[in-house]
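# Prediction below, plus the sequence it came from.
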Amino acid sequence: MNSRRNAFTLVELVVVIMILGILAAVAAPKLLNTSKVATDNGLRQTLSIVRDAIELYAAENGGNLPPCADATSSFQDAVKDYIRGTFPKSPVGTQDKNVTATTTDPVVADATPANSWKYNTVTGEFIINSAALSGDGITAYEAF
């Protein structure tokens, strides 16, 4: 009597595991890159919102730009009526809500940033205070 069970052999299981491993190795970098792209797009949107708030503040205050006397309160207090919710926290750099004021033009990120955002009180330019490369590996965050 020749009885045979319906089951997978060890070789078949090893082949399936190897195929799954290859698929995971190909898919993992794609998933990780998607996270970087989402972070970059979120930062671009956040910058757009804050830059619009600066323009609205200036339009309603005779062309005067929002003040920025210290890192935490004056700028954020000035634009809070033009931003829905709380002032945004940056997901890159020092990852806080603080703003560094400057008068240098053009605005460039600090070599060792103390705050996540940088704002020119003369021109109204607002950037991410980070020279690190974005998800594309080419563009620095300060260029957003």
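Nice, I can see it.
# Any buried residues in stretch 32-41, and which?
Asp40 (16 or more other Cβ atoms under 10 Å). Bear in mind the C-beta positions are built from the backbone N, C-alpha and C, glycine included.
# can you give me the mean pLDDT across it?
The pLDDT scores in stretch 32-41 average 80.
# contacts for it?
Pro91, Val92, Ser134, Gly135, Asp136, Phe144 (Cβ atoms under 8 Å, 6 or more residues apart in numbering).
# helix/strand/coil for the nearest residue to Glu125 once chain neighbours are set aside?
Counting by Cβ to Cβ, 6 or more residues apart in numbering, Glu125 lies nearest to Val107, which is 4.7 Å off, once chain neighbours are set aside. The three-state assignment at Val107 reads coil, by DSSP: H, G, I helix; E, B strand; the rest coil.
# Check the burial of Val107 by counting its neighbours.
Val107: 18 surrounding residues under other Cβ atoms under 10 Å.
# Local confidence estimate at it?
pLDDT for Val107: 88.
# Show me where the protein has its helices.
10-60, 74-79 (DSSP state H).
# quick one: which of those helices is nearest Asp96?
Taking Cβ to Cβ, helix 74-79 is the member of those nearest to Asp96, at 11.4 Å.
# which helices and strands does that closest one pack with?
helix 10-60, strand 99-102 (3 or more Cβ pairs under 8 Å, 6 or more residues apart in numbering; DSSP states H and E).
# if we can go back for a sec, which one of the helices of the chain is the most hemmed in?
helix 74-79 (a mean of 20; mean count of other Cβ atoms under 10 Å).
# avg pLDDT for it?
Rounded mean pLDDT across helix 74-79 is 89.
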